[in-house]
Each structure stands twice: as C-alpha cells, then as structure tokens.
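have a look at this prediction, sequence included:
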Amino acid sequence: MKNSNPKPPDRLDLTATMELDIAADSGDGKSPLPRFSMVAYTGGPMRVAGWRYPVVMDLAGLAIPSQSRPIRFGHDANSGVGHSDSIRVQDGKLTAAGVVSRDTVAAREVVVSAKNGFPWQASIGAGVEQFEFVKENQSVLVNGREFTGPLNVVRKATLGEISFVDLGADGNTSASVLGNQANQENIMSDTDNTAGTTTQDTVTGTTTATPAAPPVQAAASDDTTVADIRVRAAAELERIAAIQKACGKDHADICAQAIKDGWTVKDTELAVLRDKRPKAPNVQVPDNTVTGAVLEAACMLSGHAADAQKMYDEKTLNAADKRFKGSIGLQELLLEAAWVNGYTGRTFRDMRNILRFAFSQDVRADGGYSTIDVGGLLSNVANKFLLEGFFSVERTWRNICAVRNVNDFKTVTSYRLIGTDQYEPVAPGGQLKHGTLGNESYTNKADTFGLLLSVDRRDIVNDDMGAITTVPRKLGRGSGLKINDIFWTAFLANSSFFTSGAKNYLSGATTGLSIDSLTVAEQTFMDQVDSDGKPIGLMPAVVLVPTSQSAIGTQLYKATEIRDNTAGKGAYPTNNPHTGKYRVEVSRYLANTKYAGNSSKAWYLLADPADLPVIEVAFLNGQESPTIETAAADFGTLGLLMRGFHDFGVSLQDARAGVKVAGQ
C-alpha cells in the first residue's frame, strides 16, 4: 500500500448520525426497554485523531463479527449502554439498531438525555487491518462515491463496538428522539420504584401490565410520602417471601429469576409446575439458541471459508461448533431454519413444506413472526464465497485502468481539459480573458452480465452442503473471468488506437524489451503533444508485458546492473538507468490466441490511469464486485436458485496515455 502518513493507530473511531427510538417492546410480562436505531457511518470522509489526512472506510471490506455488538458510552468498556441486534450495510452506509439493555449510569444518562432532546451522535470503533493512501488530486471510488485525495482509505477493518458520544469528529451530525412523552416516561418507570406500571403502546393501542420492580434507592417525590414507600417495601418483602416458599430448595434458579424480574407469586408457581413436568427426549426439542448468525457461521465453517474465524464473535463460533461440530448439512440447515419459523415436522420427508417455512417471512402459525429467512442467510454466505471466486482470477486490468461511477445504463461522455487553457496576461483594469475547453470527448456505458444456477432436489436429497459453497464460488469466478474477457477484448482491439501516425507505436527489429528499447519508448511517450502541439506534460508509470516478457520486465524494474554477454561484444557491466522507474504488470491475456490483436512480444508503456487513462471501466453505482441472490425455486422446480450479476462497461480512452512497442 502506498502511504505517506506515519503509521496510524490500529483503532479507528468514526462519528455519524444516530437516532434513539423510545418505544416499548411488545408486552411479555417484563419491563419495556428503550430501542435505538442509528446510521453508524455515512460512508464519507472523517477527521480522525491520529490520522493526518481524512479517513474513508470501505464498507465492502468491513468485517462484522456478529449482529450483536456491544453499545457503549464514549468507547469506555466500563460504561455499557446496551447491544445491537441488527447491523446492515445499505446504500453505502452502515446502519445499526438494538436495545438499551444495560443497567448502568451511562445507559440511564443516554435515555434521559435523549428524552430531554439532547442531540446524541454515534461513533464506531473498528480494528484497522489494511489501508491505502490516495495522493493529492487523485480520485478513488469508495462506497459508491468518488473522493479526491489526499486521504486514507481503510480497505479492511473489523467492527468492534458502537458508542454514544456527545460530540464527534463530524460536527454536522445530529440525533432525534422518536415516540411521545408518555411513552418515554413509561420506559423510565423501572427506576421510579413503584409497585407496578401500565404501559400504553402508541403503535398498537394495547395496554400491558408490568410486574412490580424491587425498590432500589427510593426517594420521596412531591406526591410520594414516606408511608407510601414503607407500604411498597413491605409488599415487596411479602412477595419475595412467598416466592421463596413456592420454590423451596429444588428450584433455586426459578426463585432467583422470579425475584430479579419482578414475577408475581402466581407466575412463580406456574413456572415451578412446568419445571416438575416430565421432560421430553432431547431429540424431540429443537435448540432455541440457534440463530441466523449461528447458522451462517456453521455454513462458513463447513465451507472452510478464508478468514471465517474473523467474521464472527467467539460466542457465535463456539455455539456453531458445539451445535454442529464444525459441519452442517444442507438438510440440517433447512430444517433448523424451518423449526425456528414454526415448522413442527421432525423429518425431511415434506421437502416443499420445509422450504416454504425456511424461506418464510410471514406470521407463523403460533402468532409470532419468522425470525430466520434462509434466503437472506444463504445470500450472505454465498456472497462471501462469491468474492473468493471473483478474486481468484487475474486482476491486472484493475491496475492499468481508470474507474468511473455511473448511475444508469446510458452512454456517458467525458471531456479532456485540453485546449486554450493556459493563463494569459491580465490587461490593465483587471479584465481576465476567456479560456476554452477542448472538444476531445470519450464515451463509456455499463451493461449487465449475469448467470443463474440452481441447487436442485438431488443436491438437497444428497445433503450436499458443498453445493451452497461451490456454486457461489463458480458464480464469482465466472464474473471475474467475464470482466477480464470484456476488458482485454477492448484493450487488444487497438490497431487504430496505437499507430505510427499518432506517434505512439514503435516497431522494428530493435524493439524487443531491453534497456535501449525502453529508453526509446520513454522518449516517444514524453515527446507526445496535445492538440495545440504542446507537450502533454505526463510521465509514464507502468510497463505492461505478456508472460514471456515477465522476467526481463522485472529485471529492468529491480536490477541496478544488467550485463550484455552478446557474442563479439564482450561481457561488460551496464548500469540500468530504469531501476525503480516503471511498475511492471503482467497479463496472460496479451498473448492468448483467442483474442484478436494478441502478441507474445508486444509490450506497452502506460501513464498512471489516475493522471490520464488509456482505458476505463465503468461500474453501476460504484459496485466493483458482483452480487449474488438466493431464493426458493418456483413451483415448477424443486430446489434453490442462485443468480449472480455484475453491471460494468469497458472503453478505450486517450491514446496519448500510452505507447505500444511491437517487440520484434
């Protein structure tokens, strides 16, 4: 990675917009807790302590170990606020939602201050694993947006925690409180030490009775007398005594939970009765601790995914390993998801019904909502294996092209700033002369490329989990091969692009790659002129060679001395004037006979694509990697469907950005 900064901190704290949503949970006999939602990171540049230049985090490289991450106050591990239950990357932003579940001073301050209208902000803490520095006047596409240097781009990081902060690096962020005043007061009623409260849900209109909470640090208010406090304290002691009597010595765990959660004596007696009932065999009872994250982790471990251990927290990995012993079958995955969503069958005989429950997002038969959508789960798993396949093929194209972000599939036109653009003397009186932009334009457009594959009934019957990992890898590899195919077809169709008349093509017996031929190509490149006949002012940066020229290309770049042992000339040391000058890129496509314009001898001297591109790749909405989606097959097919698609386009740009050398 290029980097002119000193080594920055390994920890990155970014500040963004947050919303605290004060709303009651559905009544379940427990005190309602506040929920929050936030835009944890907006995808833009941030000023971060310890970094000299602004920082942009590439959300495509952010590892989220678990949907449940700690929520803190001011990044202080001793000031917990709650936990998240949903973390998503959407529209180039990182969003999170969760519950204020900690009973701490910090948690109470966050809720009360939000109730009073304080504009909280959110800040994420992430461990930096890889970053790059973008130089001044260079541009880069990150999170679907284009940024200009100087700045740092964090390419790989792991999300640690999210914190409430009162003032972050971005002073324009704000927070708003949702829900009405009555609802907020009910949320905080667990600190009022009353014998019981009634919560009015402003969304559904239902009323939920809340059990009494134990008196903690009770203080008499204007309308509360000492006698009232004594009555409530006596009632609480009677409740605890009755609960202890109902539980006896054999149900200490129920007793502790009943006292802690404010159960009534009747609720405690019912719990004791249930505990006394004969237990069904374990094989008949699905494991209710299985979550979407645990199933996803089990799939990744089964597929031996790279960095699987870094994608999930230790608790999730341990649960996946303990429950599935490091390997989960396809039938087992579908059954687990179906059970969580209300399916009551115990075998895999009714495959269609199992698929319906596993892919369901509707209300369950017991009145609850489906909590696992195996389609979304498999899409998450498949996308990780898709990227493994996508990055497994040659990516030389990415190092010699410019990248453009387009918003649709229409042809886009760009103009080079070449023409009468030099400064002119200012006449007396300060009147400036009008300059003109050149009329040299270049076009490009994105198209959609995709493929549909299926995991059919035979794969499911055979319990082949490999189909879930192999198919995405194939789709990813197919996308990587396709972009190479389109790119190099366009690049090698350059017979009218590099010509002797344009003074960017060299041929002859002395053009084989060597010190002398590279010197001639360097001079030819630097002697190129613009439409006014003046120097373009660019320096070459890259030598592009086929595989047969890889060794001599590397030697010219790294060696400080090259010996000429040609017969009759004698062996003598020759200093290499090109040491460290031009980065060498090697592509196997240049000499492949399936592509028109191929050659095993020809090589190219190119400008840095950030300065002037010889070729450009356009990506729809800046999405450089393909996307995969998973769903249950339609009625006519038994199985699962996976589709991968990628939106991009390739076009040659400015011929003055390179020189082609025939090499023979």
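That came through fine. Numbers count the residues shown, from 1 in each chain.

ramachandran angles for Arg108?
Per-residue torsions, Arg108: phi -70, psi -40 (degrees, to the nearest 10).

got the domain boundaries for this protein?
11-191, 215-277 (automatic domain parsing).

of the ones you listed, which is nearest Arg404?
domain 11-191 (8.1 Å; C-beta to C-beta). Heads up, the C-betas are built off the backbone N, CA and C, glycines and all.

and the closest one, how far out from the chain's middle?
Between the centre of domain 11-191 and the centre of its chain there are 15 Å (C-alpha atoms, centre = their mean, to the nearest Å).

what average pLDDT does it get?
If you average the pLDDT over domain 11-191, you get 75.

pLDDT below threshold where in the stretch 301-450 of the chain?
306-307, 326, 360-371, 373-375, 415-423, 433-439 (pLDDT under 70).

assumed Ile124 was part of a helix.
No: counting by DSSP: H, G, I helix; E, B strand; the rest coil, Ile124 is not part of a helix but strand.

return the most buried member of the domains of the chain.
domain 11-191 (a mean of 18; mean count of other C-beta atoms under 10 Å).

the one helix or strand Arg356 maps to: what's the following helix or strand?
Using DSSP states H and E, Arg356 sits in helix 351-358. Where DSSP H and E defines the elements, the next helix or strand beyond helix 351-358 is helix 374-390.

gap between that following helix and the chain center?
13 Å.

immediately after that helix, which helix or strand?
From helix 374-390, the next helix or strand downstream (DSSP H and E) is helix 397-400.

which residues touch that following helix?
483-484, 487-488, 491, 542, 544, 583, 585, 587, 606, 609, 614-615, 617 (C-beta atoms under 8 Å, 6 or more residues apart in numbering).

ranking the residues you listed by neighbours, who comes first?
Val614 (27 neighbours; other C-beta atoms under 10 Å).

which residues does it contact?
Val614 neighbours (C-beta under 8 Å, 6+ apart): 400, 606-607, 652-655, 657-658.

run the last query once more with 6 Å
Counting by C-beta atoms under 6 Å, 6 or more residues apart in numbering, Val614 touches 606, 657-658.

following the helix or strand that contains Asp253, which helix or strand comes up?
Counting by DSSP H and E, the element that carries Asp253 is helix 252-261. Note on helix 252-261: by DSSP H and E, the next helix or strand toward the C-terminus is helix 265-276.

just the mean pLDDT for that following helix, thanks.
Helix 265-276 carries an average pLDDT of 86.

export that helix as CSV, just CAs?
C-alpha atoms of helix 265-276 as CSV (Å, rounded to 0.1, in the frame of the first residue of the first chain):
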residue,chain,number,x,y,z
VAL,A,265,-46.4,-15.4,43.1
LYS,A,266,-48.8,-17.0,40.7
ASP,A,267,-46.3,-16.7,37.8
THR,A,268,-43.7,-18.3,40.0
GLU,A,269,-46.0,-21.2,41.0
LEU,A,270,-46.7,-21.9,37.3
ALA,A,271,-43.0,-21.9,36.4
VAL,A,272,-42.4,-24.4,39.2
LEU,A,273,-45.2,-26.7,37.9
ARG,A,274,-43.8,-26.6,34.4
ASP,A,275,-40.3,-27.5,35.8
LYS,A,276,-41.8,-30.5,37.6
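
quick check: Ala241 is in a strand.
No: counting by three-state DSSP, Ala241 is located in no strand; its state is helix.

which is the succeeding secondary structure element to the lengthiest helix in the chain?
Assignment by DSSP state H gives helix 466-492 as the longest helix of the chain. Note on helix 466-492: by DSSP H and E, the next helix or strand toward the C-terminus is strand 505-506.

beyond that following strand, next helix or strand please.
Assignment by DSSP H and E places the next element after strand 505-506 at helix 515-526.

any idea which helix or strand comes after that next one?
That would be, after helix 515-526 and using DSSP H and E, strand 540-545.

kindly indicate which of the contacts of helix 397-400 lies nearest Ile124.
Out of those, the member with the shortest distance to Ile124 (by C-beta to C-beta) is Val617, at 30.7 Å.

so how far is Asp85 from Gly376?
Distance, Gly376 to Asp85, using C-beta to C-beta, to the nearest Å: 15 Å.

I meant Gly658, not that one.
53 Å.

that's a helix at Val650, yeah?
No: the assignment for Val650 by three-state DSSP gives strand, which leaves it out of any helix.

contacting residues for it?
So Val650 contacts 486-487, 490, 617 (C-beta under 6 Å, 6+ apart).

need these in TSV (columns: pLDDT).
Output for the contacts of Val650, formatted as TSV (pLDDT from 0 to 100):
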residue	pLDDT
Ile486	95
Phe487	96
Ala490	95
Val617	94
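
CSV for the residues you listed, including distance to Glu236?
Listed next are the contacts of Val650 as CSV, based on distance: C-beta to C-beta, whole Å:
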residue, distance to Glu236
Ile486, 73
Phe487, 73
Ala490, 78
Val617, 69
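
out of those, the closest to Lys558 would be?
Of the contacts of Val650, the one sitting nearest to Lys558 (C-beta to C-beta) turns out to be Phe487, at 27.1 Å.

what segments of the stretch 51-200 of the chain are helices?
Using DSSP state H, counting those that start in this stretch, the helices of the stretch 51-200 of the chain run over residues 105-115, 181-187.

quick revisit: Tyr557: which of the contacts of Val650 is nearest?
So of those, ranked by how close each gets to Tyr557 (C-beta to C-beta), first place is Phe487, at 23.3 Å.

against Leu544, how distant is the residue nearest to the closest one when sequence neighbours are not counted?
Setting aside the residues directly before and after it, Phe487 is nearest to Trp397 in space (C-beta to C-beta, 6 or more residues apart in numbering), at 4.3 Å. Note on Trp397: its distance to Leu544, by C-beta to C-beta, is 10 Å.

ok, Ile628 next?
31 Å.

who's in contact with Gly135?
No Gly there; residue 135 is Lys. Gly149.

run the last query once more with 7 Å
By C-beta atoms under 7 Å, 6 or more residues apart in numbering, the residues touching Lys135 are 149-150.

what are the phi and psi angles of it?
phi -70, psi 170.

mind checking how far it is from Thr593?
Taking C-beta to C-beta, one finds Lys135 at 39 Å from Thr593.

nearest residue to Thr510 in space, please, no chain neighbours.
Here the residue nearest Thr510, using C-beta to C-beta, 6+ apart, is Ser517, at 6.3 Å.

give me the pLDDT for the one you found.
94.

that one is in contact with Ala509, isn't it?
No: counting by C-beta atoms under 7 Å, no contact exists between Ser517 and Ala509, whose distance comes to 10.4 Å.

who's more crowded, those two?
Ser517 (20 against 7).

mind listing what the more buried one touches?
510-511, 661.

dump the residue contacts of the residue nearest to Asp85 when sequence neighbours are not counted.
Using C-beta to C-beta, 6+ apart and skipping the chain neighbours, the partner closest in space to Asp85 is Gly98 (5.0 Å). Applying C-beta under 7 Å, 6+ apart to Gly98 gives the contacts 35-36, 71, 82-86.

in strands, which of those fall?
35-36, 71, 82-86 (DSSP state E).

give me the neighbour count for the residue nearest to Phe487.
20.

what do you get for Ile552?
Neighbours of Ile552 (other C-beta under 10 Å): 20.

any low-confidence regions in the stretch 501-650 of the chain?
564-573, 631-640.

Val265 touches Gln244, doesn't it?
No: when contacts are counted by C-beta under 7 Å, Val265 is not listed as touching Gln244 (10.3 Å).

burial count for the closest residue to Thr627 other than its chain neighbours?
In space, Thr627 comes closest to Phe645 once its chain neighbours are excluded; the distance is 6.0 Å by C-beta to C-beta, 6+ apart. Per other C-beta under 10 Å, the neighbour tally for Phe645 reads 15.

could you point out the helix or strand that follows whichever strand or helix holds Phe645?
Element membership of Phe645, judged by DSSP H and E, is strand 639-652. Scanning forward in sequence from strand 639-652 by DSSP H and E, the next helix or strand is strand 658-661.

counting by contacts, list what that following strand packs against.
Under the contact definition 3 or more C-beta pairs under 7 Å, 6 or more residues apart in numbering; DSSP states H and E, strand 658-661 sits against strand 505-506, helix 515-526, strand 603-607.
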